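A.B. asks: sequence unknown, structure follows:
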């Protein structure tokens, strides 16, 4: 339990349903859907659609989606991969002929075909109880009638002004006189409302076929893209077999590659044999081990994580105790390891994570993203659809497992999580923040189940992260100066990150007492609400 003498949030408690998101309008939308008779899937999709409007820097219908679902809280977890694919014409030979050695953020080549709408549709048809027409109405209203810009959204929005100014359609919607709308002002997106309305009436076909797809493909082709209508029509989210590891009496479930959930499990496995329970949670000793385990696991990620339908990703080996032990042996408890050559993957920090548990204990862990803030910043006129830049995760080197190829999915950073105990789901959870997410999953679970923190306390606890784009360890302000100094003495180069790391939401299911406990990230604008 938190110290009530200090500022902060309390963990939220309820008996019936609960939702936690990074925006209050999305959270209350989810609760309204639950109270109107919808289930957790209906509520999560409705909330996410709202966030695509009110948090446009973090997510959109032009992005990707992953989900883990526990029907009635059962431990047999369902996983959905709604990540988009490269166009059929995106061959490494084509990029070589064009002299393209890396894929730039604001380029048509960064646009993989968006997977979100198909993922939502599949979940809605297979597990929802309300129609698309019903659950998209709140998002349509916010897009058409407007919403007030909140503090964190404004902060992210204003930092992307230069990016948004490059595309004339995007500039006209998201900037006024070259500036982001001030927080507290009302913003409207009528083109987005029209597109959402067509999806509500016609389903996924309204996005992947007809005038919307035609407008997007025509626009991308006009600026050098190789996308086709066939690429859009063929898009399909896939049910996949989740992966897991054992952790302190629990099973931690993640989506399998092409996502980096496996890296979160690696970090847990590495640290599982290091006796961190004897360390102070805010000590340099604990944070040093987390930094080093992260570096080792992320080296695996950058070297070989790719689309498993096209490349051999060594999932079983990476999750084995033998592999964890071999990496663990490389860690010196007294000093930082030499930093490996820098990753050429581009770091990003923008995503939304949503979790909902309903009265029947259906539990969903749901994540949606454009990748960087506002994705590519590219928008086909008349659509209101910001297009993601997920393709920058691809390499162009044919020898690399994550090299771009026709129909291939890129290495993905967004990862929902689910904690299971004794055959029942006990906590859907996620930690936003791009590259940080795998580390964030491990950090949160250690806070909860090694150090015994209250849920909200575990979410708010200070974070560190060794930036994979360089040798610097980002350290939040909440880490004491004495601990920072000790990390430096151990050989770490530290810096204050421009923004706080990540954003977590989680809901704990207490089966014995019949209650729910929810926490939501204080580094964002959102909240958890139960009823």
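C.D. replies: Received the coordinates, thanks. Everything numeric in this text was worked out from a predicted model, so none of it was measured.
A.B. asks: okay, now residue 508: neighbour count?
C.D. replies: 20 (other CB atoms under 10 Å). (Each C-beta comes from the backbone N, C-alpha and C, glycine too.)
A.B. asks: can you list the weak-confidence ranges in the stretch 201-350 of the chain?
C.D. replies: Along the stretch 201-350 of the chain, the model assigns pLDDT under 70 to residues 340-350.
A.B. asks: where along it do the strands fall?
C.D. replies: 238-240, 243-247, 250-254 (DSSP state E, counting those that start in this stretch).
A.B. asks: Residues in contact with the second one: which ones?
C.D. replies: The one in question is strand 243-247. 251-256, 261-262, 265, 268-269, 272, 315, 319, 420, 445, 449 (CB atoms under 8 Å, 6 or more residues apart in numbering).
A.B. asks: Okay, angle between it and strand 250-254 too, please.
C.D. replies: Between strand 243-247 and strand 250-254, the angle comes out at 150 degrees (axes from the mean of the first three to the mean of the last three CA atoms, to 10 degrees).
A.B. asks: Tell me which residues of strand 243-247 come out buried.
C.D. replies: Across strand 243-247, burial judged by 16 or more other CB atoms under 10 Å covers 243, 244, 245, 247.
A.B. asks: Report the beta-bridge partners for the second one.
C.D. replies: When bridges are assigned using DSSP bridges, the partners listed for residue 244 are residue 253.
A.B. asks: distance of it from residue 265?
C.D. replies: According to CB to CB, to the nearest Å, residue 244 and residue 265 sit 7 Å apart.
A.B. asks: hey, what's in contact with both of the two?
C.D. replies: Contacts common to residue 244 and residue 265, judged by CB under 8 Å, 6+ apart, are 252, 254.
A.B. asks: Tell me which residues touch residue 19, please.
C.D. replies: 27, 30-31, 34, 43-44, 47, 354-356, 507, 518, 528-530.
A.B. asks: In helices only, show me those.
C.D. replies: 27, 30, 31, 34, 43, 44, 47 (DSSP state H).
A.B. asks: which ones are touching the second one?
C.D. replies: Remark: with contacts taken as CB under 8 Å, 6+ apart, residue 30 is in contact with 19, 21, 43, 44, 46, 47, 354, 356, 529.
A.B. asks: from these, which single one is nearest residue 213?
C.D. replies: The shortest approach to residue 213 among the contacts of residue 30 belongs to residue 46, at 23.7 Å (CB to CB).
A.B. asks: Give me the local confidence score for that closest one.
C.D. replies: On pLDDT, residue 46 comes in at 98.
A.B. asks: what's the distance between it and residue 486?
C.D. replies: Using CB to CB, residue 46 is found at 47 Å from residue 486.
A.B. asks: So the residue nearest in space to the middle of the chain, which state does it fall into?
C.D. replies: Taking CA atoms, centre = their mean, the centroid of the chain lies closest to residue 414, which sits 3.4 Å from it. Secondary structure state of residue 414, per DSSP: H, G, I helix; E, B strand; the rest coil, is coil.
A.B. asks: Give me the distance between it and residue 439.
C.D. replies: 14 Å.
A.B. asks: can you give me the mean pLDDT across stretch 432-451?
C.D. replies: Taken as a whole, stretch 432-451 has an average pLDDT of 96.
A.B. asks: Could you do stretch 111-122 as well?
C.D. replies: The model assigns stretch 111-122 a mean pLDDT of 98.
A.B. asks: ok, now stretch 383-395?
C.D. replies: The model assigns stretch 383-395 a mean pLDDT of 97.
A.B. asks: now do stretch 80-90
C.D. replies: For stretch 80-90, the per-residue pLDDT averages 98.
A.B. asks: Show me what counts as buried in it.
C.D. replies: Buried-residue list, stretch 80-90, by 16+ other CB under 10 Å: 80, 81, 82, 83, 84, 85, 86, 87, 88, 90.
A.B. asks: Number of residues surrounding residue 235?
C.D. replies: For residue 235, using other CB under 10 Å, the count is 20.
A.B. asks: Now it: phi and psi?
C.D. replies: phi -60, psi 130 (degrees, to the nearest 10).
A.B. asks: Considering the ones in helices among the contacts of residue 19, which is situated nearest to residue 477?
C.D. replies: residue 27 (26.2 Å).
A.B. asks: which ones are touching that closest one?
C.D. replies: 19, 20, 21, 47, 520, 526, 527, 528, 529.
A.B. asks: for the last one, what are its contacts?
C.D. replies: The contact partners of residue 529, by CB under 8 Å, 6+ apart, come to 12, 18, 19, 20, 27, 28, 30, 31, 518.
A.B. asks: now it: how far from residue 17?
C.D. replies: Taking CB to CB, one finds residue 529 at 9 Å from residue 17.
A.B. asks: Mind listing the shared neighbours of these two?
C.D. replies: residue 31.
A.B. asks: Residue 159 touches residue 373, doesn't it?
C.D. replies: Yes: applying CB atoms under 8 Å as the test, residue 159 and residue 373 come out as touching, 7.0 Å apart.
A.B. asks: For the two, indicate the residue with more neighbours.
C.D. replies: Neighbour count, other CB under 10 Å: between residue 159 and residue 373, residue 373 has more, with 20 against 14.
A.B. asks: Neighbours of residue 333, how many?
C.D. replies: 11.
A.B. asks: so how far is residue 283 from it?
C.D. replies: From residue 333 to residue 283 the distance is 12 Å (CB to CB).
A.B. asks: Next: residue 399.
C.D. replies: From residue 399 across to residue 283, the span is 42 Å (CB to CB).
A.B. asks: Helix, strand or coil: sort out residue 53 for me.
C.D. replies: helix.
A.B. asks: List the contacts of it.
C.D. replies: By CB under 8 Å, 6+ apart, the contact set of residue 53 is 139, 142, 143, 147, 189, 192.
A.B. asks: tell me which element the first one is part of?
C.D. replies: When elements are assigned from DSSP states H and E, residue 139 belongs to helix 137-145.
A.B. asks: hang on, residue 20 packs against residue 516?
C.D. replies: No: applying CB under 8 Å as the test, residue 20 and residue 516 come out as separate, 10.0 Å apart.
A.B. asks: Compare these two (neighbour count), which wins?
C.D. replies: For residue 20 versus residue 516, neighbours defined as other CB under 10 Å are more numerous around residue 20 (33 against 25).
A.B. asks: what sits against that one?
C.D. replies: 12, 27, 354-356, 505-507, 518-520, 526-529.
A.B. asks: still on that earlier bit, let me know the closest of the contacts of residue 529 to residue 199.
C.D. replies: Nearest to residue 199 among those, with distances taken as CB to CB, is residue 30, at 18.7 Å.
A.B. asks: Relative to residue 146, how far out is that closest one?
C.D. replies: 20 Å.
A.B. asks: The longest helix anywhere in the chain: which residues count as buried?
C.D. replies: Longest helix in the chain by number of residues (criterion: DSSP H): helix 284-304. Within helix 284-304, the residues scored as buried using 16+ other CB under 10 Å are 284-302, 304.
A.B. asks: for stretch 217-233, same thing?
C.D. replies: Under 16+ other CB under 10 Å, the buried positions of stretch 217-233 are 217, 219, 220, 225, 226, 227, 228, 231, 232.
A.B. asks: Pretty sure the first one sits against residue 233.
C.D. replies: In other words, residue 217. No: using CB under 8 Å, residue 217 is not in contact with residue 233, being 10.3 Å away.
A.B. asks: re earlier: pick the one among the contacts of residue 30 closest to residue 462.
C.D. replies: Nearest to residue 462 among those, with distances taken as CB to CB, is residue 21, at 22.7 Å.
A.B. asks: Burial check on that closest one, number of neighbours?
C.D. replies: The number of residues near residue 21, taken as other CB under 10 Å, comes to 34.
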